[in-house]
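Engineer: dropping a prediction and its sequence here:
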Amino acid sequence: MATLAAMSVTPMALAQDGDGAAVGKITLLNRKAVESYHRLEFDTAVGLLNEALNLSETAGLTQHPIRARTFVTLGIVTLGGFKQREQAVKYFRKALQVQPEVRLSPGLANPDIQAAFDEAIAGLANSSADDLSPDRALVHEPVRTGQAGQPVAISVVPDKDLESSAVVLRYRAATAPTFTELPMRKGAAGAFEASIPPSATTGPQVAYFIEARRSNGSVLVARGTAADPMVVALAPATPGEAVTTGPSPSPARAEPRRFHFALVGGTGLGVASGTGEATRASMASSGVAWTHSGQVAPEVGYLVTDHLMIGLQARLQMVSGATPYHVPDPDPNQKECGDDHVCAPAKGAFAGLVKATWFVAEPDSAFQPYLSLSAGAGSIRHVSKVTGAQTCGGGSEPCVDTVLGGPALFGPGFGFRYRVSDVVGIVAEIGGLVGMPNFTANADLNVGVAFQL
(Lines give C-alpha, C1' and ligand atoms only; values in the text may rest on other atoms or scores of the structure.)
Protein backbone atom coordinates (compact mmCIF):
# COMPACT_ATOMS: atom_id res chain seq x y z
CA MET A 1 0.00 0.00 0.00
CA ALA A 2 2.88 2.41 0.76
CA THR A 3 4.45 1.59 -2.59
CA LEU A 4 1.15 2.23 -4.43
CA ALA A 5 0.69 5.52 -2.59
CA ALA A 6 4.18 6.65 -3.53
CA MET A 7 3.58 5.68 -7.16
CA SER A 8 0.37 7.73 -7.26
CA VAL A 9 1.89 10.80 -5.62
CA THR A 10 4.96 10.95 -7.83
CA PRO A 11 3.13 11.77 -11.15
CA MET A 12 1.05 14.44 -9.38
CA ALA A 13 4.20 16.02 -7.98
CA LEU A 14 5.88 15.92 -11.39
CA ALA A 15 2.83 17.53 -12.99
CA GLN A 16 2.76 20.27 -10.39
CA ASP A 17 6.47 20.85 -10.84
CA GLY A 18 5.95 21.05 -14.60
CA ASP A 19 3.08 23.52 -14.18
CA GLY A 20 5.17 25.57 -11.78
CA ALA A 21 8.02 25.77 -14.26
CA ALA A 22 5.64 26.86 -17.05
CA VAL A 23 4.01 29.45 -14.80
CA GLY A 24 7.46 30.77 -13.90
CA LYS A 25 8.42 31.09 -17.56
CA ILE A 26 5.15 32.85 -18.43
CA THR A 27 5.57 35.19 -15.46
CA LEU A 28 9.08 36.06 -16.64
CA LEU A 29 7.82 36.70 -20.18
CA ASN A 30 5.14 39.02 -18.79
CA ARG A 31 7.74 40.89 -16.76
CA LYS A 32 9.99 41.33 -19.80
CA ALA A 33 7.01 42.50 -21.85
CA VAL A 34 6.19 45.17 -19.27
CA GLU A 35 9.81 46.34 -19.32
CA SER A 36 9.69 46.58 -23.14
CA TYR A 37 6.40 48.49 -22.88
CA HIS A 38 8.00 51.04 -20.56
CA ARG A 39 10.86 51.42 -23.10
CA LEU A 40 8.21 52.04 -25.82
CA GLU A 41 9.25 48.82 -27.61
CA PHE A 42 5.65 47.85 -28.28
CA ASP A 43 6.26 45.22 -30.98
CA THR A 44 8.78 43.47 -28.75
CA ALA A 45 6.30 43.49 -25.86
CA VAL A 46 3.58 41.99 -28.03
CA GLY A 47 5.94 39.26 -29.26
CA LEU A 48 6.82 38.27 -25.69
CA LEU A 49 3.17 38.16 -24.64
CA ASN A 50 2.26 36.11 -27.70
CA GLU A 51 5.01 33.66 -26.73
CA ALA A 52 3.59 33.51 -23.21
CA LEU A 53 0.10 32.69 -24.54
CA ASN A 54 1.47 29.93 -26.75
CA LEU A 55 3.34 28.47 -23.80
CA SER A 56 0.21 28.52 -21.62
CA GLU A 57 -1.66 26.53 -24.29
CA THR A 58 1.16 24.02 -24.68
CA ALA A 59 1.35 23.55 -20.89
CA GLY A 60 -2.42 23.11 -20.58
CA LEU A 61 -2.83 26.32 -18.57
CA THR A 62 -5.71 27.74 -20.62
CA GLN A 63 -7.75 28.41 -17.46
CA HIS A 64 -4.85 29.43 -15.22
CA PRO A 65 -4.78 32.95 -13.69
CA ILE A 66 -1.39 33.58 -15.33
CA ARG A 67 -3.04 33.30 -18.76
CA ALA A 68 -5.66 35.85 -17.69
CA ARG A 69 -2.86 38.14 -16.49
CA THR A 70 -1.14 37.76 -19.88
CA PHE A 71 -4.31 38.82 -21.72
CA VAL A 72 -4.65 41.84 -19.42
CA THR A 73 -1.06 42.92 -20.15
CA LEU A 74 -1.64 42.36 -23.87
CA GLY A 75 -4.71 44.60 -23.73
CA ILE A 76 -2.71 47.31 -21.96
CA VAL A 77 0.05 47.20 -24.61
CA THR A 78 -2.48 47.14 -27.46
CA LEU A 79 -4.27 50.26 -26.20
CA GLY A 80 -1.39 52.14 -24.58
CA GLY A 81 1.11 51.38 -27.35
CA PHE A 82 -0.88 50.90 -30.56
CA LYS A 83 -4.04 52.89 -29.65
CA GLN A 84 -6.25 49.97 -30.74
CA ARG A 85 -9.09 50.30 -28.25
CA GLU A 86 -11.51 47.77 -29.73
CA GLN A 87 -8.87 45.04 -29.85
CA ALA A 88 -7.75 45.87 -26.30
CA VAL A 89 -11.33 45.47 -25.05
CA LYS A 90 -11.44 42.00 -26.63
CA TYR A 91 -8.21 40.98 -24.86
CA PHE A 92 -9.62 42.23 -21.56
CA ARG A 93 -12.77 40.17 -22.13
CA LYS A 94 -10.70 37.05 -22.80
CA ALA A 95 -8.88 37.65 -19.52
CA LEU A 96 -12.18 38.00 -17.67
CA GLN A 97 -13.49 34.81 -19.24
CA VAL A 98 -10.49 32.94 -17.80
CA GLN A 99 -10.52 34.68 -14.42
CA PRO A 100 -13.55 36.92 -13.71
CA GLU A 101 -11.88 38.53 -10.68
CA VAL A 102 -8.74 39.62 -12.56
CA ARG A 103 -8.03 43.34 -12.42
CA LEU A 104 -5.61 45.85 -13.95
CA SER A 105 -2.13 46.27 -12.54
CA PRO A 106 -2.12 49.64 -10.69
CA GLY A 107 1.22 50.69 -12.14
CA LEU A 108 0.06 50.18 -15.75
CA ALA A 109 -3.46 51.60 -15.66
CA ASN A 110 -4.45 55.06 -16.84
CA PRO A 111 -7.95 56.55 -17.34
CA ASP A 112 -8.23 55.37 -20.98
CA ILE A 113 -7.11 51.84 -20.16
CA GLN A 114 -9.38 51.69 -17.08
CA ALA A 115 -12.35 52.85 -19.20
CA ALA A 116 -11.65 50.12 -21.78
CA PHE A 117 -11.38 47.50 -19.02
CA ASP A 118 -14.70 48.66 -17.53
CA GLU A 119 -16.26 48.40 -20.99
CA ALA A 120 -14.97 44.82 -21.25
CA ILE A 121 -16.62 43.96 -17.94
CA ALA A 122 -19.92 45.57 -18.98
CA GLY A 123 -20.03 43.88 -22.39
CA LEU A 124 -18.60 40.50 -21.44
CA ALA A 125 -21.78 38.68 -22.47
CA ASN A 126 -21.56 40.02 -26.05
CA SER A 127 -17.87 39.31 -26.65
CA SER A 128 -18.45 36.30 -28.88
CA ALA A 129 -20.60 38.34 -31.28
CA ASP A 130 -18.08 41.19 -31.36
CA ASP A 131 -15.25 38.83 -32.29
CA LEU A 132 -16.98 38.13 -35.58
CA SER A 133 -17.15 41.78 -36.70
CA PRO A 134 -13.68 41.97 -38.33
CA ASP A 135 -14.52 38.98 -40.55
CA ARG A 136 -17.62 40.75 -41.80
CA ALA A 137 -16.01 44.19 -42.06
CA LEU A 138 -12.83 42.99 -43.84
CA VAL A 139 -13.45 39.97 -46.03
CA HIS A 140 -10.11 38.24 -46.44
CA GLU A 141 -8.94 34.70 -47.11
CA PRO A 142 -5.70 34.31 -45.11
CA VAL A 143 -2.66 33.37 -47.17
CA ARG A 144 -1.03 30.33 -45.56
CA THR A 145 1.74 29.36 -47.98
CA GLY A 146 4.13 31.15 -50.32
CA GLN A 147 7.46 30.89 -52.11
CA ALA A 148 10.66 32.12 -50.47
CA GLY A 149 12.16 35.10 -52.26
CA GLN A 150 8.90 35.91 -54.07
CA PRO A 151 6.24 38.56 -53.34
CA VAL A 152 3.13 37.44 -51.47
CA ALA A 153 -0.06 39.00 -52.85
CA ILE A 154 -2.63 40.06 -50.24
CA SER A 155 -6.20 41.06 -51.07
CA VAL A 156 -9.07 42.26 -48.86
CA VAL A 157 -12.60 43.50 -49.55
CA PRO A 158 -13.97 46.01 -47.01
CA ASP A 159 -17.66 45.99 -46.24
CA LYS A 160 -19.56 48.57 -48.29
CA ASP A 161 -20.73 50.30 -45.07
CA LEU A 162 -17.23 50.49 -43.59
CA GLU A 163 -16.29 54.18 -43.61
CA SER A 164 -12.52 53.83 -43.61
CA SER A 165 -10.06 56.38 -44.95
CA ALA A 166 -7.27 53.90 -45.72
CA VAL A 167 -6.51 50.18 -45.67
CA VAL A 168 -2.99 49.23 -44.56
CA LEU A 169 -1.06 45.96 -44.77
CA ARG A 170 1.43 45.43 -41.93
CA TYR A 171 4.02 42.67 -42.38
CA ARG A 172 7.07 41.37 -40.53
CA ALA A 173 9.83 39.13 -41.86
CA ALA A 174 10.97 36.20 -39.75
CA THR A 175 14.05 38.10 -38.54
CA ALA A 176 12.52 41.59 -38.34
CA PRO A 177 11.83 43.07 -34.89
CA THR A 178 8.86 45.23 -35.96
CA PHE A 179 6.05 45.32 -38.50
CA THR A 180 6.37 47.43 -41.66
CA GLU A 181 3.38 49.34 -43.06
CA LEU A 182 2.33 49.20 -46.72
CA PRO A 183 -0.72 51.13 -48.01
CA MET A 184 -3.16 48.96 -49.95
CA ARG A 185 -4.55 50.25 -53.24
CA LYS A 186 -8.09 49.77 -54.48
CA GLY A 187 -8.23 47.68 -57.63
CA ALA A 188 -10.70 47.77 -60.49
CA ALA A 189 -12.82 45.02 -58.92
CA GLY A 190 -13.16 46.91 -55.62
CA ALA A 191 -10.70 44.83 -53.59
CA PHE A 192 -7.75 46.48 -51.84
CA GLU A 193 -4.46 44.91 -52.88
CA ALA A 194 -0.81 44.95 -51.92
CA SER A 195 2.11 42.53 -51.89
CA ILE A 196 4.61 41.66 -49.21
CA PRO A 197 7.92 42.39 -51.02
CA PRO A 198 10.55 39.70 -51.73
CA SER A 199 12.97 41.33 -49.29
CA ALA A 200 10.67 40.15 -46.45
CA THR A 201 10.16 36.60 -47.73
CA THR A 202 13.70 35.19 -47.59
CA GLY A 203 13.12 33.33 -44.30
CA PRO A 204 10.93 30.35 -43.38
CA GLN A 205 7.83 32.49 -42.78
CA VAL A 206 6.39 36.01 -42.85
CA ALA A 207 3.62 37.38 -40.63
CA TYR A 208 1.02 39.98 -41.55
CA PHE A 209 -2.26 41.59 -40.56
CA ILE A 210 -4.60 44.16 -42.12
CA GLU A 211 -6.00 47.40 -40.66
CA ALA A 212 -8.77 49.71 -41.85
CA ARG A 213 -8.10 53.19 -40.51
CA ARG A 214 -10.01 56.39 -39.93
CA SER A 215 -8.87 59.72 -41.40
CA ASN A 216 -7.05 60.57 -38.15
CA GLY A 217 -4.95 57.39 -38.41
CA SER A 218 -6.70 55.42 -35.66
CA VAL A 219 -7.65 51.79 -36.34
CA LEU A 220 -11.31 51.25 -37.24
CA VAL A 221 -11.15 47.44 -37.56
CA ALA A 222 -8.42 44.86 -38.18
CA ARG A 223 -7.95 41.33 -39.45
CA GLY A 224 -5.27 39.99 -37.16
CA THR A 225 -3.09 41.98 -34.79
CA ALA A 226 0.58 42.39 -33.96
CA ALA A 227 0.00 39.92 -31.13
CA ASP A 228 -1.94 37.45 -33.26
CA PRO A 229 -0.93 37.92 -36.92
CA MET A 230 -1.61 35.65 -39.86
CA VAL A 231 1.48 33.61 -40.79
CA VAL A 232 2.59 32.59 -44.28
CA ALA A 233 4.82 29.49 -44.44
CA LEU A 234 7.44 30.00 -47.16
CA ALA A 235 8.67 27.06 -49.20
CA PRO A 236 12.37 27.17 -50.23
CA ALA A 237 13.12 28.31 -53.76
CA THR A 238 13.51 25.45 -56.23
CA PRO A 239 17.00 24.82 -57.68
CA GLY A 240 17.84 27.15 -60.53
CA GLU A 241 15.23 29.71 -59.49
CA ALA A 242 16.67 33.11 -58.66
CA VAL A 243 15.74 34.51 -55.26
CA THR A 244 15.05 38.21 -55.28
CA THR A 245 16.34 39.83 -52.10
CA GLY A 246 16.08 43.52 -53.00
CA PRO A 247 12.89 45.57 -52.96
CA SER A 248 10.69 45.22 -56.00
CA PRO A 249 7.38 46.72 -56.99
CA SER A 250 4.30 44.85 -55.89
CA PRO A 251 2.54 43.18 -58.81
CA ALA A 252 -0.77 43.37 -57.01
CA ARG A 253 -0.38 46.98 -56.02
CA ALA A 254 -1.83 49.56 -58.37
CA GLU A 255 0.59 52.16 -59.59
CA PRO A 256 0.07 55.47 -57.79
CA ARG A 257 -1.31 58.33 -59.86
CA ARG A 258 1.70 60.51 -60.62
CA PHE A 259 0.43 63.26 -62.93
CA HIS A 260 -1.27 66.22 -61.32
CA PHE A 261 -3.32 68.97 -62.95
CA ALA A 262 -5.00 71.82 -61.07
CA LEU A 263 -6.99 74.87 -62.05
CA VAL A 264 -7.25 77.45 -59.28
CA GLY A 265 -8.15 81.10 -59.13
CA GLY A 266 -8.74 83.90 -56.68
CA THR A 267 -7.46 87.28 -55.63
CA GLY A 268 -4.65 88.69 -53.53
CA LEU A 269 -3.08 91.55 -51.66
CA GLY A 270 0.37 93.02 -51.42
CA VAL A 271 2.67 96.03 -51.48
CA ALA A 272 4.53 97.64 -54.37
CA SER A 273 6.86 100.57 -54.89
CA GLY A 274 7.95 102.52 -57.94
CA THR A 275 6.30 104.74 -60.51
CA GLY A 276 3.11 104.44 -62.49
CA GLU A 277 3.49 102.70 -65.82
CA ALA A 278 1.43 105.22 -67.80
CA THR A 279 1.90 108.44 -65.84
CA ARG A 280 5.53 107.92 -64.75
CA ALA A 281 4.42 109.55 -61.49
CA SER A 282 5.22 108.41 -57.96
CA MET A 283 2.77 106.12 -56.24
CA ALA A 284 0.60 107.76 -53.63
CA SER A 285 0.98 104.86 -51.21
CA SER A 286 2.96 101.66 -50.92
CA GLY A 287 0.89 100.17 -48.08
CA VAL A 288 -0.76 96.77 -48.11
CA ALA A 289 -3.83 96.74 -50.37
CA TRP A 290 -5.92 94.37 -52.43
CA THR A 291 -4.65 93.98 -55.95
CA HIS A 292 -7.97 95.15 -57.47
CA SER A 293 -7.76 92.13 -59.69
CA GLY A 294 -8.12 88.41 -59.89
CA GLN A 295 -5.88 85.68 -61.20
CA VAL A 296 -6.14 82.22 -62.68
CA ALA A 297 -3.29 79.79 -62.00
CA PRO A 298 -3.30 76.51 -63.94
CA GLU A 299 -0.67 74.01 -62.80
CA VAL A 300 0.75 70.71 -64.06
CA GLY A 301 3.00 68.53 -61.90
CA TYR A 302 4.56 65.11 -61.46
CA LEU A 303 4.92 63.22 -58.16
CA VAL A 304 8.60 62.35 -57.97
CA THR A 305 7.93 60.53 -54.69
CA ASP A 306 4.77 59.94 -52.66
CA HIS A 307 5.38 63.30 -50.96
CA LEU A 308 7.36 65.50 -53.43
CA MET A 309 5.82 67.00 -56.56
CA ILE A 310 7.64 69.15 -59.14
CA GLY A 311 5.47 71.23 -61.45
CA LEU A 312 4.96 74.28 -63.64
CA GLN A 313 2.42 76.97 -62.80
CA ALA A 314 1.21 79.95 -64.82
CA ARG A 315 -0.18 83.10 -63.19
CA LEU A 316 -2.66 84.94 -65.40
CA GLN A 317 -3.66 88.20 -63.70
CA MET A 318 -6.61 90.36 -64.70
CA VAL A 319 -6.07 94.03 -63.75
CA SER A 320 -8.90 96.50 -63.21
CA GLY A 321 -9.42 99.91 -61.63
CA ALA A 322 -6.76 101.96 -63.48
CA THR A 323 -7.82 105.08 -65.45
CA PRO A 324 -6.71 106.15 -68.93
CA TYR A 325 -3.99 108.79 -68.83
CA HIS A 326 -4.24 111.94 -70.99
CA VAL A 327 -0.83 113.36 -71.83
CA PRO A 328 -0.85 117.06 -70.77
CA ASP A 329 0.09 119.62 -73.46
CA PRO A 330 0.96 116.97 -76.04
CA ASP A 331 3.35 117.81 -78.84
CA PRO A 332 1.47 117.36 -82.12
CA ASN A 333 4.65 116.08 -83.72
CA GLN A 334 5.03 113.31 -81.12
CA LYS A 335 2.96 110.15 -81.20
CA GLU A 336 3.09 109.62 -77.46
CA CYS A 337 0.32 107.17 -76.54
CA GLY A 338 -0.99 107.20 -80.10
CA ASP A 339 -2.71 109.85 -82.16
CA ASP A 340 -5.15 110.74 -79.37
CA HIS A 341 -2.35 111.03 -76.76
CA VAL A 342 -4.34 108.84 -74.31
CA CYS A 343 -2.40 106.03 -72.61
CA ALA A 344 -4.59 103.03 -71.93
CA PRO A 345 -3.83 101.26 -68.62
CA ALA A 346 -2.57 97.66 -68.57
CA LYS A 347 -5.31 95.04 -68.31
CA GLY A 348 -3.30 92.02 -67.18
CA ALA A 349 0.00 90.43 -66.20
CA PHE A 350 1.62 87.06 -66.75
CA ALA A 351 4.19 85.00 -64.88
CA GLY A 352 5.56 81.48 -65.26
CA LEU A 353 6.82 79.57 -62.20
CA VAL A 354 8.60 76.35 -61.34
CA LYS A 355 6.98 74.95 -58.19
CA ALA A 356 8.12 72.31 -55.70
CA THR A 357 5.38 70.96 -53.40
CA TRP A 358 5.84 68.77 -50.33
CA PHE A 359 2.75 66.88 -49.10
CA VAL A 360 2.91 66.46 -45.34
CA ALA A 361 0.38 63.62 -44.93
CA GLU A 362 0.59 60.06 -46.22
CA PRO A 363 -0.52 59.58 -49.86
CA ASP A 364 -3.66 57.64 -48.87
CA SER A 365 -4.94 60.40 -46.58
CA ALA A 366 -8.02 62.23 -47.79
CA PHE A 367 -6.81 65.54 -46.30
CA GLN A 368 -3.32 66.44 -47.51
CA PRO A 369 -1.77 69.71 -46.32
CA TYR A 370 1.32 70.84 -48.20
CA LEU A 371 4.14 73.39 -48.33
CA SER A 372 5.49 74.82 -51.57
CA LEU A 373 8.31 76.94 -52.98
CA SER A 374 8.04 78.76 -56.33
CA ALA A 375 10.49 80.65 -58.52
CA GLY A 376 10.22 82.06 -62.02
CA ALA A 377 9.86 85.17 -64.14
CA GLY A 378 7.09 87.51 -65.18
CA SER A 379 5.15 90.43 -63.79
CA ILE A 380 2.67 91.30 -61.05
CA ARG A 381 0.70 94.54 -61.27
CA HIS A 382 -0.80 96.60 -58.45
CA VAL A 383 -3.23 99.50 -58.81
CA SER A 384 -2.90 102.70 -56.78
CA LYS A 385 -3.38 106.44 -56.90
CA VAL A 386 -0.42 108.51 -58.04
CA THR A 387 0.69 111.94 -56.94
CA GLY A 388 0.72 114.96 -59.20
CA ALA A 389 -1.04 113.81 -62.35
CA GLN A 390 -4.65 115.02 -62.62
CA THR A 391 -5.38 114.35 -66.29
CA CYS A 392 -6.92 110.89 -66.30
CA GLY A 393 -10.35 109.56 -67.16
CA GLY A 394 -12.17 112.40 -68.89
CA GLY A 395 -9.02 114.52 -68.82
CA SER A 396 -9.26 116.13 -65.38
CA GLU A 397 -9.76 113.26 -62.94
CA PRO A 398 -7.20 111.96 -60.39
CA CYS A 399 -5.05 109.22 -61.87
CA VAL A 400 -5.12 105.62 -60.77
CA ASP A 401 -2.22 103.83 -62.40
CA THR A 402 -0.54 100.42 -62.38
CA VAL A 403 2.87 99.72 -60.90
CA LEU A 404 4.86 96.75 -62.15
CA GLY A 405 6.67 94.20 -59.97
CA GLY A 406 9.25 91.70 -61.20
CA PRO A 407 10.48 90.32 -63.50
CA ALA A 408 12.26 87.91 -61.09
CA LEU A 409 9.69 86.24 -58.81
CA PHE A 410 10.05 83.78 -55.94
CA GLY A 411 8.31 82.86 -52.72
CA PRO A 412 6.80 80.22 -50.41
CA GLY A 413 3.25 78.95 -50.10
CA PHE A 414 1.05 76.55 -48.19
CA GLY A 415 -2.34 74.97 -48.63
CA PHE A 416 -4.21 71.69 -48.70
CA ARG A 417 -5.77 69.23 -51.10
CA TYR A 418 -8.89 67.31 -50.07
CA ARG A 419 -9.45 64.15 -52.08
CA VAL A 420 -13.10 63.75 -53.12
CA SER A 421 -12.31 60.59 -55.12
CA ASP A 422 -9.24 58.76 -56.40
CA VAL A 423 -9.02 61.30 -59.25
CA VAL A 424 -10.68 64.55 -58.16
CA GLY A 425 -9.77 66.82 -55.25
CA ILE A 426 -10.43 70.32 -53.93
CA VAL A 427 -7.46 72.67 -53.53
CA ALA A 428 -7.04 75.82 -51.43
CA GLU A 429 -3.72 77.63 -51.08
CA ILE A 430 -2.00 80.88 -50.17
CA GLY A 431 1.00 81.62 -52.38
CA GLY A 432 3.52 84.33 -51.61
CA LEU A 433 5.66 85.98 -54.30
CA VAL A 434 8.39 88.59 -54.01
CA GLY A 435 9.34 90.51 -57.15
CA MET A 436 12.76 92.03 -57.95
CA PRO A 437 14.29 94.39 -59.01
CA ASN A 438 10.93 96.18 -59.27
CA PHE A 439 9.88 95.38 -55.75
CA THR A 440 6.55 93.81 -54.86
CA ALA A 441 5.50 91.48 -52.06
CA ASN A 442 2.28 89.72 -52.97
CA ALA A 443 0.06 86.98 -51.50
CA ASP A 444 -2.53 85.18 -53.62
CA LEU A 445 -5.49 83.32 -52.15
CA ASN A 446 -6.59 80.62 -54.59
CA VAL A 447 -9.17 77.86 -54.57
CA GLY A 448 -10.02 75.36 -57.26
CA VAL A 449 -10.09 71.77 -58.37
CA ALA A 450 -7.26 69.26 -58.88
CA PHE A 451 -7.01 66.03 -60.85
CA GLN A 452 -4.55 63.21 -60.26
CA LEU A 453 -4.12 60.95 -63.28
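Structural biologist: Now that the structure is in, tell me what you want to look at. Here the structure is a predicted model, which means the values were calculated and not measured. Residues are numbered from 1 along each chain as shown.
Engineer: so what's Ala441 up against?
Structural biologist: By Cβ atoms under 8 Å, 6 or more residues apart in numbering, the residues touching Ala441 are Gly270, Val271, Gly432, Leu433, Val434, Gly435. Where you see a C-beta, it was placed from the backbone N, CA and C, and this is true even at glycine.
Engineer: surely the fifth one touches Gly413?
Structural biologist: Which is Val434. No - Val434 lies out of contact with Gly413 (Cβ atoms under 8 Å); the separation is 11.9 Å.
Engineer: which one's more surrounded, the two?
Structural biologist: Ranked by neighbour count (other Cβ atoms under 10 Å), Val434 and Gly413 place Gly413 first, with 20 against 17.
Engineer: direction included, what does the one helix or strand the more buried one maps to pair up with?
Structural biologist: If you go by DSSP states H and E, Gly413 is part of strand 400-419. Strand pairing for strand 400-419, determined by DSSP bridges: strand 367-378 (antiparallel), strand 380-385 (antiparallel), strand 424-438 (antiparallel).
Engineer: tell me the buried residues in it?
Structural biologist: 400-406, 409-411, 413, 415-417, 419 (16 or more other Cβ atoms under 10 Å).
Engineer: go on, stretch 353-362?
Structural biologist: In stretch 353-362, counting by 16+ other Cβ under 10 Å, buried: Leu353, Lys355, Thr357, Phe359, Ala361, Glu362.
Engineer: which residues touch that stretch?
Structural biologist: Outside stretch 353-362, the residues that touch it by Cβ under 8 Å, 6+ apart are 166, 183, 299, 301, 306-315, 367-376, 378, 409, 417.
Engineer: what's the spacing between that stretch and its chain's center?
Structural biologist: On the basis of Cα atoms, centre = their mean, to the nearest Å, stretch 353-362 sits 14 Å off its chain's mean C-alpha point.
Engineer: and stretch 103-110, end to end?
Structural biologist: 13 Å (Cα to Cα, to the nearest Å).
Engineer: what pLDDT, on average, does that stretch get?
Structural biologist: In this model, stretch 103-110 has a mean pLDDT of 84.
Engineer: now that stretch: buried residues?
Structural biologist: Under the neighbour-count criterion of 16+ other Cβ under 10 Å, stretch 103-110 has Leu104, Leu108 buried.
Engineer: let me know the pLDDT of Gly240.
Structural biologist: 54.
Engineer: ok, then the element right after the helix or strand hosting Arg69?
Structural biologist: Assigned by DSSP H and E, Arg69 falls within helix 65-82. As assigned by DSSP H and E, the chain's next helix or strand after helix 65-82 is helix 85-98.
Engineer: what angle separates that following helix from helix 65-82?
Structural biologist: Calculated by axes from the mean of the first three to the mean of the last three Cα atoms, to 10 degrees, helix 85-98 forms an angle of 170 degrees with helix 65-82.
Engineer: what does helix 85-98 rub up against?
Structural biologist: Residues outside helix 85-98 that contact it (Cβ under 8 Å, 6+ apart) are 62-65, 67-72, 74-76, 78-79, 102, 112-113, 116-117, 119-121, 123-124, 127, 130-131, 219, 221-222, 225, 227.
Engineer: how far does that helix sit from its chain's centre?
Structural biologist: Its chain's C-alpha centre and that of helix 85-98 lie 30 Å apart, by Cα atoms, centre = their mean.
Engineer: do the same with stretch 221-235
Structural biologist: Distance, stretch centre to chain centre, for stretch 221-235: 24 Å (Cα atoms, centre = their mean).
Engineer: do stretch 257-275 as well
Structural biologist: For stretch 257-275, the distance to the chain centre is 26 Å (Cα atoms, centre = their mean).
Engineer: now do stretch 215-227
Structural biologist: For stretch 215-227, the distance to the chain centre is 15 Å (Cα atoms, centre = their mean).
Engineer: quick one: the strands in the stretch 251-400 of the chain?
Structural biologist: Counting by DSSP state E, counting those that start in this stretch, the stretch 251-400 of the chain has strands at residues 259-272, 289-290, 293-303, 308-319, 325-326, 342-343, 348-359, 367-378, 380-385, 400-419.
Engineer: Ala235: which of those strands is closest?
Structural biologist: When the strands of the stretch 251-400 of the chain are compared by Cβ to Cβ, strand 293-303 sits nearest Ala235, at 37.0 Å.
Engineer: what's the closest one in contact with?
Structural biologist: Here strand 293-303 makes contact (Cβ under 8 Å, 6+ apart) with 256-268, 309-321, 355, 357, 381, 383, 431, 444, 446, 448.
Engineer: fine by me, thanks again.
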